[in-house]
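Colleague: What would the 3D arrangement of this be:
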Amino acid sequence: MKTQKTTTLVVALIALALVAAACGGSGSSPTATAKAFYDAVKAKDPAGIKGAMSKGSLEMMEKFAKAQNKTLDEALKEPSSSGPSASFEAKDEKITGDTATVMVKDEKGSWETIPFVKEDGNWKIALDKAMGGAAAGAGK
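Modeller: Here you go, the predicted structure:
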């Protein structure tokens, strides 16, 4: 049961990451980070994927991968149930200090809010912020 919950949460995180990726180079803005992430996901490039994720997100993903007896790189290379969108839309990028959000349209046409944090001068996707308490409990 616990493994099923963890697997479901990992799939949800990867799907969320793919949605986050759908908005639009590399750290100069939340949208640029999302575009770099999207490109890395399509190329199945774990280094590129990890480069766009916040430290907290990486720690969280490491726990999920470990729970499945996989390395983070192995988990990041696996396809999710919903692949990256072929075309995408983004709107309402909002930056407040060292945090930001961007609304992106997922493959089903729904708008999702993706959180970002600024780390070492670069915008990073903050999946740990998106998952909140659910992520904290999943690794236990």
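Colleague: all helices for the protein, in order.
Modeller: Assigned by DSSP state H, the chain shows helices spanning 2-21, 30-42, 46-51, 55-67, 72-77, 127-138.
Colleague: packing partners for the longest strand seen in the chain?
Modeller: The single longest strand within the chain, with elements called by DSSP state E, is strand 111-119. Counting contacts by 3 or more CB pairs under 8 Å, 6 or more residues apart in numbering; DSSP states H and E, strand 111-119 is packed against helix 2-21, helix 30-42, strand 99-105, strand 122-125, helix 127-138. Placement of C-beta: from N, CA and C, glycine included.
Colleague: so for the third one, what's the average pLDDT?
Modeller: Strand 99-105 shows a mean pLDDT of 85.
Colleague: Output it as CSV, restricted to C-alpha atoms.
Modeller: Presented in CSV, the C-alpha positions along strand 99-105 are these (Å, rounded to 0.1, in the frame of the first residue of the first chain):
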residue,chain,number,x,y,z
THR,A,99,9.8,33.1,-5.3
ALA,A,100,7.7,33.0,-8.4
THR,A,101,4.8,31.2,-10.0
VAL,A,102,3.9,30.5,-13.6
MET,A,103,0.5,29.2,-14.9
VAL,A,104,0.9,26.5,-17.6
LYS,A,105,-1.6,24.6,-19.5
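Colleague: what comes up buried for it?
Modeller: Using 16 or more other CB atoms under 10 Å as the test for burial, strand 99-105 gives Ala100, Thr101, Val102, Val104, Lys105.
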